[in-house]
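**Student:** predicted model and sequence follow; I will ask about them next.
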Amino acid sequence: MSAAEIVALCTARWLTVSCAESCTGGMVAAAITDIAGSSAVFERGFVTYSNLAKTEMLGVTAPTLEAHGAVSEEVAREMAAGAQVAARADIAVAITGIAGPGGSEFKPEGRVCFAIVGPATPLRSETVEFGALGRAAVRTAARDHALALILSAAQAAAGP
């Protein structure tokens, strides 16, 4: 899985990509836009580190934040759906998690929630427990996982 594969496949299939990032702070967008030709597929990215940014930019609802917290699959799904709509993108990924240091008994360091949506990928979410690898390693692992989700959605949209 690589950003270059995403750019090549999305360019060939006229697919656009957007991302909504919290704990990765724009690392997914940076990985994609590091590739020459990415302007053909990358529509925009949203770095929504605060809850206010999540609500204002992506339409995450206050009741969802209050009920589940920012690090939740529910919030990740609203982030991805909001990014897809706001960017008018074919594929949108969202990442929200606890890179560390810190965390709690209920939301430990290394927990990252993802959501993905695309033309042939109904909105879905998942949680990955990367563990207390350290802030940089958790963020890198989250970036790579998000890129894999985008590639999978692009492959599904491209057909067999």
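**Tutor:** Nice, I can see it.
**Student:** ok, now how distant is Val60 from Pro101?
**Tutor:** 25 Å (CB to CB, to the nearest Å). Where you see a C-beta, it was placed from the backbone N, CA and C, and this is true even at glycine.
**Student:** point to the residue nearest the middle of the protein.
**Tutor:** Ala94 (2.5 Å; CA atoms, centre = their mean).
**Student:** tell me which element that one falls in.
**Tutor:** Per DSSP states H and E, Ala94 falls inside strand 91-97.
**Student:** what helices or strands is that strand leaning on?
**Tutor:** strand 17-21, helix 73-87, strand 111-118, helix 135-158 (3 or more CB pairs under 8 Å, 6 or more residues apart in numbering; DSSP states H and E).
**Student:** can you count the residues close to Arg133?
**Tutor:** Not quite, residue 133 is Leu, not Arg. 15 (other CB atoms under 10 Å).
**Student:** need the phi and psi values for it.
**Tutor:** In terms of degrees, to the nearest 10, the main-chain angles of Leu133 are phi -80, psi -10.
**Student:** ok, the closest residue to it other than its chain neighbours - contacts?
**Tutor:** Among residues not flanking Leu133 along the chain, Gly110 sits closest, at 6.0 Å (CB to CB, 6 or more residues apart in numbering). For Gly110, the contact set (CB atoms under 8 Å, 6 or more residues apart in numbering) comprises Gly97, Ile98, Ala99, Gly100, Gly103, Glu129, Phe130, Gly131, Ala132, Leu133, Val138.
**Student:** pretty sure Gly100 sits against Arg135.
**Tutor:** Yes. Assessed by CB atoms under 8 Å, Gly100 is found in contact with Arg135 at 4.8 Å.
**Student:** who wins for neighbours among the contacts of Gly110?
**Tutor:** Gly97 (28 neighbours).
**Student:** and for the nearest residue to Ala153 once chain neighbours are set aside, the neighbour number?
**Tutor:** Leaving aside its chain neighbours, Ala153 sits nearest to Gly118 (3.5 Å; criterion: CB to CB, 6+ apart). Counted with other CB under 10 Å, the neighbours of Gly118 add up to 24.
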